[in-house]
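> The following comprises the amino acid sequence and a computationally predicted model.
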Amino acid sequence: MWKTYLAIGLVTALVCLLFLDRRYQTTHRPGGEMAAYRSLNTIITAQAVYRSEYDQFARSLAELGPPAEFSEGPTARAADLIPQKLASGETSGYRFLLLPHESGYRLLAFPLEEVFGERSFYSDETTIIRAHKGRPAWKTDEAIN
């Protein structure tokens, strides 16, 4: 009889743990929003390095990415400052856009689906990262860094 109660207790504990783990993943999104934030920081840092090397900001993610396989090395067209996956514009469930403008750049990140994250992100040459839930983030939104 005690084995039955033990089995029921173990199954109940397992179900509770699985439910709580799923709920934690849904609310904290460890692979989505946090990964997007880290990717934004990677791009911001790469832009600073690119500017010091080429005296301007990169105009696209491809310019920050790796050169072609058999090229002679980093150039202004492919500076090898970010990984290829990030240079492609999509990673960790987010789409990244680098938009040049007259005095710098705008960097936007949007979740591809809500399961990857609820917030979108914005940054620019000021390096301040801003976020907003439910619509695209913009330079007037609250800073998160």
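That came in fine, so what should we check first?
> What strand or helix carries the most centrally placed residue in the chain?
Per Cα atoms, centre = their mean, the C-alpha nearest to the average position across the chain is that of residue 36, at 1.4 Å. Take DSSP states H and E as the rule and residue 36 turns out to sit in helix 33-54.
> List the buried residues for that helix?
33, 35-37, 39-40, 42-44, 46-47, 50 (16 or more other Cβ atoms under 10 Å). For glycine as for every other residue, the C-beta is placed from the backbone atoms N, C-alpha and C.
> Neighbours of residue 110, how many?
17 (other Cβ atoms under 10 Å).
> Following element in sequence after the helix or strand that it is a member of, please.
Element membership for residue 110 (DSSP H and E) is strand 104-111. Downstream of strand 104-111, the first helix or strand assigned by DSSP H and E is strand 119-124.
> Mind listing the strands that following strand pairs with, and their directions?
Paired strands of strand 119-124, with direction, are strand 104-111 (antiparallel), strand 130-133 (antiparallel) (DSSP bridges).
> now that strand against helix 33-54, angle please.
On the basis of axes from the mean of the first three to the mean of the last three Cα atoms, to 10 degrees, strand 119-124 is oriented at 10 degrees to helix 33-54.
> gap between strand 119-124 and the chain center?
Computed by Cα atoms, centre = their mean, to the nearest Å, the chain-centroid distance of strand 119-124 equals 9 Å.
> Stretch 52-64 now?
Worked out by Cα atoms, centre = their mean, stretch 52-64 lies 19 Å from the chain centre.
> okay, the residue nearest to the centre of the chain: pLDDT?
Here, the pLDDT recorded for residue 36 equals 97.
> Pull the contacting residues for it.
Residue 36 sits next to 92-94, 109, 111, 117, 121 when contact means Cβ atoms under 8 Å, 6 or more residues apart in numbering.
> Relative to residue 82, how far out is residue 106?
Going from residue 106 to residue 82 by Cβ to Cβ, to the nearest Å gives 17 Å.
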